[in-house]
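Participant: return atomic coordinates for the entry below.
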Amino acid sequence: MVQDKTLLESSSSKDEVDTATLTGRILKDRYELEAHIGSGGMSDIYKAKDLLLSKAGVDDPYVAIKVLQPQYTKNKEAQQLLFREAHKTMALSHPNIIRVYDVDKEGKLCFIIMEWLDGETLDQVISRSKPKGLTYKGAEKIVSQVANALKFAHKNGIVHTDLKPANIMHTRNGDIKVFDFGVARVLQDHADEFASDNVEHNNALSGYTPAYASAELLQGQQPSESDDLFSLGCIFYELLSSKHPYLRKPADQAITDKITAKKLNKLSSKNWNMLRSALALSSNVRPQSIQQWQAKLTRKPFPVFSTVLPLLTVLGSVGYFYYMENIMTKQQITQQEHVSTVDSLANSSVEVFMNSLAELDVETVTIKAGILRQKRNEVIDYHIAKINRIMQDPNSRYPDFYQMKAIIAETESLYPDSVKLADIEHYVDSQRESARSILVANIEQRLLKANYQPDSDGTDIFTLEQDIKQVDAEYKIEPSQQAINLYQKQLKTAVRNYNYRQIDTLLAPGELLFKSSVPELETILAQPELTSAIKELTEYQASEQTSEFPFDSAEIFYQDRFDYWTGAIKNAKSQKSLDRIYMQQIKYNQFLPVNFKPLIKLRRDLANRYLKLIVTGKIKSDPRVIKKAESLLTKADKGQETSA
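Facilitator: Residues are numbered from 1 along each chain as shown. Below you'll find the predicted structure:
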C-alpha cells in the first residue's frame, strides 16, 4: 500500500531518536559521533572517531557514519534499502569509489560506517572556480577519475542514475571519490513510500536530480550506462565553465524548449566534439558506454614518425612467420595452433573464456588452471555482475534466486576459496529469507482478516503463494493456529447454513493452506461429487439463474438436509416438531424450484404426518393445521405436474 508522504513524516512517536542530534553519542562502544555534517535522502551524516583505532595510536582514526532517519527506523523495507546501499558499495572496491566498512544496528538506530573523506564536493569546487571555471587539464583529471569509477560500476552491473557534483568528493590529495552508488535506483523504485522533504529528492522522480538526469531517465526508461555518461557530461561542462550546459533545465524540458549547449571557447574542436557527444539529449546520439567515450577523452595525438617502428616490426614479423611456415613440421604447426588457442583464451573477454573453458582438452589442464588464476578477479566480478542484474530485474516480481545460486555454485567450483563469493552467497541467502518472511507475513495478515478472495492487484493469497514458490519452492506455508481457527469457523458456518457459494469460496484457499488442519474440509474434499455439485450450484447462481437449474447437483448437495428432515418427520410426535420443519423448509422456496423432487417428497411427507397425528388424536383438529397440510399437498402436486 502506498503511504502518504505527509502522514509518514508526521508519524514519529515521542520515543523515537532524533538522528540529527546524536553528536557526542558513542555507537557500539567504539564510534564517537563528533559532528553532524549533513543530511540527505533518508539519512543523517556524522564525522566520527573510531576509539579503537585512536587508542591504538592511529594518526587518522576518523570515519563517516550514515544514520537512518527516525521516520524510517520502524520500516523494515527502509532498513533493507540502507543495507542494500552498503552491500552495493562494499561490492564496488575501487580507488575512486568511497569505501564502506560495515553496516550495523544499535537499538533503534541503523547505520553505515564509511571512510572519512577530507576535502570538498564538486559543487563546492564549481562554486569556488566561478566565473571562469577550471582549466581543461584540471577538469579532465577529475572527470577521468569519475569515469574510471563509473566504468568499474557498470562492469559490475550497477548504474548510478543520480550522479551529480554533490555526490562526488575531491579530497585534499587530489583523489576523486564517488558515493551514493546504487541508492538512486532503489529510491526511485520506492518513490512514494520513502520520499523525504530534502531538496535533492523533493521531486516527482524521488531519486533522480532533474538537472543531471537524462531525458530517458526522466521518461521512466530502464537505466543504462549512457544515462551516467549524460550526467558526467553535465558535470564536465560545469567544471570548465561554472555554468550548467542547459541552464539547469531538465533534459526533457531542454528538448521541448530547444535549448542547446554552447561551445566553450577554451576547448579545441576535437575536445568540444568529445564533450558534446556526452551532452547529447538523445541516447541514440550519445556513446553507449563510458569506456567508449573515455577513449576519446584520453586519446593523445601521435607524431607521424611514431608509426615507422611498429610498421617495420609488422613487416619483419610477416617475413619471419612466412619463413617459419615453410620450415615447420606438421607436428610443430599443430603445437603452434594449440598455443595460439590458449593465448587467445587468455586475452579473450570473460564471456568468451567461460564459453570455451569446457572445450580445453586434457593436455591443457595445467594451462587451464593458470588462465583461471590469471583471470580470477575478472571471472568472479563477471559472475557477480550477472547476479546483480538478476537481483535488480524490473520485469520480475522477485529475483530468480535459483538462477543466482546456480551462478554462485558454478563460480565456486572454479574458485572454492573466494571470500567474495562466500559473502555474495550469504547476501543472496539473506535476501531470499527476507523475501520469504515478508511474503509469509503478508499471507498470514490476509488469513487473519478472512481475506480469501483472489484480486486483480496481485496481493491475494494465491499470488503470494506462487511468489513463495518462486523464491523457495521447498518451503511449506504453515498458517498460525489463530488463522486455522478462523477458517474452520467460517467453513462450519457455511456448511451449517448450506451456503454453497461461501463453501465454494473457502474450498480453494482451504485446499491450498488448510487441507491437513481442518477435518471438515478433509471430509468435503474427499467427496469429488460433492465439490463438483458445489461448483455447479455456485456457477448457476452467478449466472443470475438464466441457465437450467442443476437438479442433480442440488440433490447431492442437499441430500443430508432432506434425509434429516425425512427422519425428523417420521419421528415427530407433536405439532411443535412439525411446525419447526415447516418453517425451515419455507426459506428454501426462494432458491429451490417447485419441481425439485426432494422438496416435493418433503411436502407430501410433512402434510401426511400432520394429518396422521390429527387422526390419531396426537394433535388437535385445528382448521389452521388442516389448511397448512392442504397447502403443502397443493404445492407438492403443482411441483409434480411441472416436473411431468
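
Participant: middle-most residue in the chain, spatially?
Facilitator: For the chain, the residue nearest the mean C-alpha position is Y398 (5.1 Å; C-alpha atoms, centre = their mean).

Participant: what's the helix or strand for it?
Facilitator: Using DSSP states H and E, Y398 maps to neither a helix nor a strand.

Participant: then K489?
Facilitator: Counting by DSSP H and E, K489 is found in helix 481-496.

Participant: repeat that for P479.
Facilitator: Using DSSP H and E, P479 maps to neither a helix nor a strand.

Participant: residues near it, how many?
Facilitator: Residues within reach of P479, counting by other C-beta atoms under 10 Å, total 20. Using the backbone N, CA and C atoms, a C-beta is placed for each residue, glycine as well.

Participant: that one contacts S516, correct?
Facilitator: No - using C-beta atoms under 8 Å, P479 is not in contact with S516, being 10.7 Å away.

Participant: now do the same for the residue nearest to the centre of the chain: its pLDDT.
Facilitator: pLDDT, Y398: 84.

Participant: please apply the same query to the one 5 residues further on.
Facilitator: Q403 is assigned 92 on the pLDDT scale.

Participant: do the one 3 residues further on as well
Facilitator: According to the model's per-residue confidence, A406 sits at a pLDDT of 93.

Participant: do you know how far it is from E412?
Facilitator: 11 Å (C-beta to C-beta, to the nearest Å).

Participant: so which of those two has more stuff around it?
Facilitator: Shown here are A406 and E412; by other C-beta under 10 Å, E412 has more neighbours (17 against 11).

Participant: the residue nearest to that one when sequence neighbours are not counted: neighbour count?
Facilitator: Counting by C-beta to C-beta, 6 or more residues apart in numbering, E412 lies nearest to L421, which is 5.4 Å off, once chain neighbours are set aside. Neighbours of L421 under the rule other C-beta under 10 Å: 21.

Participant: now name the helix or strand holding L421.
Facilitator: L421 belongs to helix 419-448, assigned by DSSP H and E.

Participant: how about P593, nearest residue that isn't a chain neighbour?
Facilitator: F549 (5.4 Å).

Participant: nope, F562 is what I was after
Facilitator: Leaving out its chain neighbours, the residue that sits closest to F562 by C-beta to C-beta, 6+ apart is P598, at 4.3 Å.

Participant: so that neighbour touches Y558, yeah?
Facilitator: Yes - using C-beta under 8 Å, P598 is in contact with Y558, at 6.4 Å.

Participant: and the pLDDT at the residue nearest to P593?
Facilitator: Here the pLDDT value assigned to F549 is 91.

Participant: number the residues from 10 up from this point.
Facilitator: Taking 10 as the first residue, the last one we looked at is F558.

Participant: doesn't it fall inside a helix?
Facilitator: No - according to DSSP: H, G, I helix; E, B strand; the rest coil, F558 belongs to no helix; its state is coil.

Participant: count the neighbours of it for me.
Facilitator: 14.

Participant: ramachandran angles for it?
Facilitator: Main-chain torsions, F558, degrees, to the nearest 10: phi -60, psi 130.

Participant: one more: I177?
Facilitator: Dihedral angles for I177 - degrees, to the nearest 10 - are phi -130, psi 130.

Participant: please apply the same query to K272.
Facilitator: Backbone phi and psi, for K272 under degrees, to the nearest 10, turn out to be phi -60, psi 140.

Participant: and for it, nearest residue in space, chain neighbours not counted?
Facilitator: By the measure of C-beta to C-beta, 6+ apart, the closest residue to K272 outside its immediate chain neighbours is W281, 5.2 Å from it.

Participant: buried ones in the helix or strand hosting the one you found?
Facilitator: Take DSSP H and E as the rule and W281 turns out to sit in helix 278-287. By neighbour count on 16 or more other C-beta atoms under 10 Å, the buried set for helix 278-287 is N280, M283, L284, R285, S286, A287.

Participant: fine by me, thanks again.
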